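K.L.:
Predicted model and sequence follow; I will ask about them next.
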Amino acid sequence: MERVVITGIGLVTPNGIGTLESWMSIVAGESAIAEITQFDASAYSSRIAGEVKDFAPSRFIDKKKIKEMARFIQLSFAATKLAAADAGLDLSAEERETAGCIIGVGLGGLEMIEATGNMLSLKGPGRISPYFITAVVANLAAGQASMALGLRGPSYCTTSACSSSAHALGDAFEWIRWGRAPVMVAGGAESTITGIGVGGFCAMHALSRRNHEPKKASRPFDRGRDGFVIGEGAGTLVLESLTRARKRGARIYGEMTGYGATSDAYHLTQPAPDGLGAQSAMRMALREAGRNPDDVDYINAHGTSTPKGDVWESRAIENVFADHATSKRLWISSTKSMMGHLLGGAGAVESAISLLAIANGVVPPTINLEDPDPECTLEYVPNVARERRVRHAMSNSFGFGGTNVSLLFSSLSA
């Protein structure tokens with residue numbers, strides 16, 4: 001089997017448009033949560049979000065093509081162009097025949113669906129854009145990227161709620177590992193800060209109502225947490241075989257070594273007690289990588305800032321990592337504390353952050369952790385980033401329907 005490495009990263013997040021911009025903001029512990037500006041949220045119980053501010057699609061996309069893309073595709077396209085440039089991606093004609101693209105998306109183009117529905121009611125079907133369907137279909141994030149980069153291998157979307165882009169990376173890993181593709185472009189995107197998107201989560205009582213303190217609203221593992229903060233953004237990674245990367249002298253961020261995917265088979269929205277499905281996913285990733293729990297230095301937690309979710313993820317980590325976790329040798333943080341929950345895009349963005357932690361020897365903080373929940377007793381790197389050698393980092397993504405993904409990334413020197 002081929003070893004799989006990451007040679008390119010592209011990030012477009014609430015913390016910055018660009019990988020370095022996002023990373024530096026996250027390491028500095030800066031919150032990007034603010035009042036919603038994309039629609040009038042004054043009547044909503046939650047009026048805050050992690051928006052990508054000052055995003056100019058024309059910086060990345062030909063002006064004639066912008067109308068073909070809902071916002072989630074625009075964000076994804078930008079992240080993909082950044083990742084391809086970062087990797088110095090240059091494929092031969094033969095490689096293009098099998099190189100592919102997988103982009104995970106949870107909900108697709110909600111803002112365009114909402115606007116088109118309103119237009120239909122007011123002005124009739126004759127005013128619907130001919131680009132409407134192709135602008136909102138979830139797989140067109142991958143489709144547009146494949147066309148732009150000339151990738152004629154597999155092109156599809158994984159949709160599994162908040163695990164969507166983690167599944168995309170896992171699938172891409174398998175395509176390369178089994179020798180079916182030399183290179184895969186994979187990641188995720190989401191943009192659901194709309195009336196129906198925010199309203200739907202408000203109706204579920206899932207979102208934080210700390211509207212008076214936006215920057216303190218996302219507070220994973222803190223006693224005062226009251227729900228997650230919705231965010232938007234995109235992350236794309238370039239994966240390739242270690243053989244190919246070394247042959248071309250590529251800069252390597254790290255190696256993907258483990259992929260665990262499970263289902264709770266328990267509840268529509270609540271995780272299984274003690275995170276049993278999450279435990280299975282983490283154990284699967286470790287087993288596939290041939291690693292022991294004590295080998296892992298850092299976990300980028302799912303850590304959404306929900307009352308039950310944070311407790312059960314902590315218990316799951318404690319069960320899998322035992323004394324390595326309870327002795328606080330294992331460091332854990334939730335970068336959702338700074339950017340909010342990017343839903344289908346979260347897994348890819350947080351995997352990129354895990355790789356940057358390996359490459360830079362810095363673990364990002366969990367901000368707003370001021371009064372730790374007594375049921376969350378592990379080391380969550382509160383408020384300030386810390387330096388350490390990160391040999392192996394895990395990224396957790398768990399979603400509605402009980403879907404769980406754990407990805408393990410490793411330094412080549414580990």
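P.N.:
Okay, I see it. Residues are numbered from 1 along each chain as shown.

K.L.:
For the closest residue to residue 170 other than its chain neighbours, name its beta-bridge partners.
P.N.:
The shortest distance from residue 170 to any non-neighbouring residue, by CB to CB, 6 or more residues apart in numbering, is to residue 259 (4.0 Å). Every residue, glycine included, has its C-beta placed from N, CA and C. Counting by DSSP bridges, residue 259 forms beta bridges with residue 407.

K.L.:
burial count for residue 259?
P.N.:
24 (other CB atoms under 10 Å).

K.L.:
Contacts only, for it.
P.N.:
169-170, 173-174, 284-285, 288, 405-408 (CB atoms under 8 Å, 6 or more residues apart in numbering).

K.L.:
Need the per-residue pLDDT for it.
P.N.:
With respect to pLDDT, residue 259 has a value of 98.

K.L.:
Show me the shaky parts of the stretch 151-300 of the chain.
P.N.:
For the stretch 151-300 of the chain, no stretch has pLDDT under 70.

K.L.:
Repeat the analysis, applying 90 as the threshold.
P.N.:
266, 268-275 (pLDDT under 90).

K.L.:
Quick one: the helices in it, in order.
P.N.:
164-177, 195-203, 242-247, 276-289 (DSSP state H, counting those that start in this stretch).

K.L.:
export the ones you listed to JSON lines and tack on mean neighbour count and distance to residue 300?
P.N.:
Formatted as JSON lines, these follow (neighbours: other CB atoms under 10 Å; distance: least, CB to CB, whole Å):
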{"stretch": "helix 164-177", "mean neighbour count": "27", "distance to residue 300": "11"}
{"stretch": "helix 195-203", "mean neighbour count": "18", "distance to residue 300": "22"}
{"stretch": "helix 242-247", "mean neighbour count": "16", "distance to residue 300": "23"}
{"stretch": "helix 276-289", "mean neighbour count": "22", "distance to residue 300": "12"}
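
K.L.:
right, so of those helices, which gets closest to residue 89?
P.N.:
Closest approach to residue 89 among the helices of the stretch 151-300 of the chain is made by helix 242-247 (11.1 Å; CB to CB).

K.L.:
give the contact list for residue 315.
P.N.:
274-275.

K.L.:
To which secondary structure element type does it belong?
P.N.:
When classified by DSSP: H, G, I helix; E, B strand; the rest coil, residue 315 comes out as helix.

K.L.:
If I look at it, what pLDDT would I see?
P.N.:
Confidence score, pLDDT, at residue 315: 97.

K.L.:
which SSE is the residue sitting nearest the centre point of the chain in?
P.N.:
Compute the mean C-alpha point of the chain, and by CA atoms, centre = their mean the closest residue is residue 346, 2.1 Å away. If you go by DSSP states H and E, residue 346 is part of helix 346-360.

K.L.:
centre of the chain versus that helix, how much separation?
P.N.:
9 Å (CA atoms, centre = their mean, to the nearest Å).

K.L.:
Toward the C-terminus, what is the element adjacent to it?
P.N.:
strand 362-363.

K.L.:
Give me the contacts around stretch 166-173.
P.N.:
Contacts for stretch 166-173 (CB under 8 Å, 6+ apart): 4, 100, 102-104, 157-158, 160, 184-188, 237, 239, 256, 259, 261, 346-348, 351, 395, 397, 403, 405, 407.

K.L.:
ok so, going back, which one, of the helices of the stretch 151-300 of the chain, ends up nearest to residue 110?
P.N.:
Here helix 195-203 is closest among the helices of the stretch 151-300 of the chain (CB to CB), at 4.8 Å.

K.L.:
which residues are contacting that closest one?
P.N.:
By CB under 8 Å, 6+ apart, helix 195-203 touches 36, 39, 41, 44-46, 49, 107, 110, 113-114, 192, 207, 230.

K.L.:
Check stretch 56-72 too.
P.N.:
Contacts for stretch 56-72 (CB under 8 Å, 6+ apart): 74, 77-78, 81, 105, 108-109, 111-112, 129, 131, 134-136, 140-141, 144, 189-192, 232, 234.

K.L.:
do that again at 7 Å, thanks
P.N.:
74, 77-78, 81, 105, 108-109, 111-112, 131, 134-136, 141, 144, 189-191 (CB atoms under 7 Å, 6 or more residues apart in numbering).

K.L.:
how long is it from one end to the other?
P.N.:
With CA to CA, to the nearest Å as the measure, stretch 56-72 spans 13 Å from end to end.

K.L.:
just stretch 235-248 next, same as before
P.N.:
End-to-end for stretch 235-248, by CA to CA: 24 Å.

K.L.:
ditto for stretch 90-98
P.N.:
14 Å.

K.L.:
returning to that earlier point: out of the contacts of stretch 56-72, list just those in strands.
P.N.:
105, 189-190 (DSSP state E).
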